[in-house]
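Trainee: My questions concern the predicted model and sequence given below.
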Amino acid sequence: ETGVTQTPRHLVMGMTNKKSLKCEQHLGHNAMYWYKQSAKKPLELMFVYSLEERVENNSVPSRFSPECPNSSHLFLHLHTLQPEDSALYLCASSQDFRGPTYGYTFGSGTRLTVV
Amino acid sequence: AQSVTQLDSQVPVFEEAPVELRCNYSSSVSVYLFWYVQYPNQGLQLLLKYLSGSTLVESINGFEAEFNKSQTSFHLRKPSVHISDTAEYFCAVSGNNNDMRFGAGTRLTVKP
């Protein structure tokens, strides 16, 4: 069990469904991240939140909508996804966003399958 | 901006043999270097990191990596691998702006 918890671990959804991924950390970290991990591709940074404010959005389609209600929780809302969105979605946190990082703490991920 | 190249996508090796996973980076500023390990159906776990000081860093399970500034490399090594070391290994680099970049990963498979 790491300091970052993601739920659900697995999710199968149709292209017309709406679902949400949840991430929670109680490490006292100020920055949280969403990454997409697809087979045979490098990790793709999707969103960055620092102190609950979005500081980076790497040209992610609008069918992915992040939400950070407080520094411990991060959500990724999904709607009208495509089959190519099937991947492992990883949440991570770090002490701060600005300045050098000492490493990220990752959750176990949500394996998403879009059918 | 920083970038990372992991030269081998797959490395098969027999148990108790030595292994080296290669990582090269490019950056115009000071760098911080990391190796992460991902076991099946899990997230990434920090294995070791170089921030400053001694260029040789070690993990608790016998891995080590050496920061070589002249060759812009941070190769990961273990003198004798175990079956349990089978996993995907990611090299990552970050600069002063916390712009963490990951390599594509190297799948290490340890065979009996």
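Mentor: Okay, I see it. Numbers count the residues shown, from 1 in each chain, chains lettered A, B, ... in the order given.
Trainee: For the rest of this, base every contact and every neighbour count on C-alpha atoms.
Mentor: Fine.
Trainee: where does chain B have low pLDDT?
Mentor: B:96-98 (pLDDT under 70).
Trainee: Around chain A, pick out the residues from it.
Mentor: Contact residues (Cα under 8 Å from any Cα of the partner chain) of chain B with chain A: B:32, B:34, B:41-46, B:49, B:51, B:94-98, B:102-105.
Trainee: can you do 10 Å?
Mentor: Within reach of chain A by Cα under 10 Å from any Cα of the partner chain, chain B has these residues: B:9, B:30-36, B:38-51, B:90, B:92-105.
Trainee: Which ones among the residues you listed lie within strands?
Mentor: Among the residues of chain B next to chain A, the members falling in strands (DSSP state E) are B:32-36, B:38, B:44-50, B:90, B:92-94, B:101-102.
Trainee: Pull the contacting residues for residue 78.
Mentor: Reading this off chain A. By Cα atoms under 10 Å, 6 or more residues apart in numbering or on different chains, the contact set of A:Leu78 is A:13, A:15-21, A:62-66.
Trainee: I was thinking of chain B, sorry if that wasn't clear
Mentor: B:Lys78 neighbours (Cα under 10 Å, 6+ apart): B:16-21, B:58-59, B:61-65, B:85.
Trainee: try 6 Å
Mentor: With contact set as Cα atoms under 6 Å, 6 or more residues apart in numbering or on different chains, B:Lys78 has these partners: B:Pro18, B:Val19, B:Phe63.
Trainee: want to throw the residues you listed into JSON lines with neighbour count, distance to B:Thr109 and secondary structure?
Mentor: Output for the contacts of B:Lys78, formatted as JSON lines (neighbours: other Cα atoms under 10 Å in any protein chain shown; distance: Cα to Cα, whole Å; DSSP: H, G, I helix; E, B strand; the rest coil):
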{"residue": "B:Pro18", "neighbour count": "13", "distance to B:Thr109": "12", "secondary structure": "coil"}
{"residue": "B:Val19", "neighbour count": "20", "distance to B:Thr109": "11", "secondary structure": "strand"}
{"residue": "B:Phe63", "neighbour count": "20", "distance to B:Thr109": "15", "secondary structure": "coil"}
